[in-house]
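In: This is the structure alone, sequence omitted:
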């Protein structure tokens with residue numbers, strides 16, 4: 001799944017489409033939320049092995065899956081520093097709690113190093129673990145930032161063409177090579193590779209919106225995508 005992470009007033013409507021689809025699919029045994037690191041603090045692939053708290057209650061750290069990821073992946077380490085001032089994962093938690101209950105467990109992974117080598121490694125690790133576990137991966141990302149709605153739509157559609165072919169590497173290299181401001185391109189690439197490894201055959205956009213739909217200003221917007229791999 002892909003879900004945006006701006007303030008709920010701006011991106012919550014788009015994100016709701018992700019979580020409605022997840023609700024309809026049924027509660028997975030394990031949930032991983034991948035988010036970009038906007039501050040640069042902490043480890044390159046940071047697994048925060050602590051419980052989190054939101055206004056809806058406590059979200060438990062999934063110790064079983066979290067420990068397995070750190071053990072299996074050469075880049076992953078237990079580190080909560082990367083999460084200390086990062087919003088991309090925490091913004092998803094109220095949705096998960098509303099859909100599946102306040103005591104839902106999850107593994108938060110902050111992706112500081114968005115190189116293909118690290119994202120490929122993460123996607124393959126999760127896919128390997130999913131052979132024995134029921135795992136849902138959510139990539140937290142906003143799409144093009146601070147351009148006109150027209151320009152953002154064009155760039156985002158060009159980037160998502162790679163996802164339509166489940167080409168995770170092509171997507172990441174296109175975004176980075178053209179300096180498109182999709183902040184969670186690495187998490188999306190890892191999720192796309194995970195999905196392909198697990199047999200997904202289709203990429204489906206559930207909702208595309210931008211902040212101008214709320215503010216009325218379409219000259220400088222942030223774009224939001226809700227999508228899934230099936």
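Out: On my side now, so go ahead. From a predicted model like this one, the values you see are computed outputs, not experimental measurements.
In: C-alpha from now on. contacts and neighbour counts both.
Out: Noted.
In: Can you show me the helices along this structure?
Out: For the chain, the helices defined by DSSP state H cover 8-25, 63-72, 93-100, 116-129, 149-164, 168-177, 185-197, 212-215.
In: The fifth one - what's its average pLDDT?
Out: Along helix 149-164, the predicted confidence averages to a pLDDT of 97.
In: that older thread, nearest to residue 45, of the helices of the chain?
Out: Nearest of those to residue 45, taken as CA to CA: helix 116-129 at 8.0 Å.
In: what does the closest one contact?
Out: 68-69, 72-73, 75, 135, 169, 172-173, 186-187, 189-195, 197-198 (CA atoms under 8 Å, 6 or more residues apart in numbering).
In: in it, what's buried?
Out: For helix 116-129, a neighbour-count test (16 or more other CA atoms under 10 Å) marks 116, 118, 119, 120, 121, 122, 123, 124, 125, 126, 127, 128 as buried.
In: same thing with stretch 1-21?
Out: Residues 1-6, 10-19 are the ones in stretch 1-21 that count as buried (16+ other CA under 10 Å).
In: Closest to residue 44 out of the residues you listed?
Out: The closest of those, once distances to residue 44 are taken by CA to CA, is residue 5, at 20.1 Å.
In: residues in contact with the nearest residue to that closest one once chain neighbours are set aside?
Out: Among residues not flanking residue 5 along the chain, residue 88 sits closest, at 5.3 Å (CA to CA, 6 or more residues apart in numbering). Each residue near residue 88 by CA under 8 Å, 6+ apart is listed here: 5, 6, 35, 36, 37, 140, 141.
In: Put the buried members of those into a ChimeraX selection.
Out: To isolate in ChimeraX the members of the contacts of residue 88 that are buried, counting by 16+ other CA under 10 Å, one can use:
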select :5,6,35,36,37,140,141
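In: Contacts only, for the residue nearest the centre of the chain.
Out: Nearest residue to the geometric centre of the chain (CA atoms, centre = their mean): residue 139, 1.3 Å. Applying CA under 8 Å, 6+ apart, we find residue 139 in contact with 1, 2, 3, 33, 34, 35, 184, 187, 188, 191.
In: Let me have those residues in a markdown table, extended by distance to residue 84 and pLDDT.
Out: Compiled in a markdown table, these are given as follows (distance: CA to CA, whole Å; pLDDT from 0 to 100):
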| residue | distance to residue 84 | pLDDT |
| --- | --- | --- |
| 1 | 24 | 98 |
| 2 | 22 | 98 |
| 3 | 20 | 98 |
| 33 | 16 | 98 |
| 34 | 15 | 98 |
| 35 | 13 | 98 |
| 184 | 17 | 97 |
| 187 | 18 | 98 |
| 188 | 22 | 98 |
| 191 | 23 | 98 |
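In: Pick the one among those residues closest to residue 229.
Out: For the contacts of residue 139, the nearest to residue 229 is residue 1 (6.3 Å; CA to CA).
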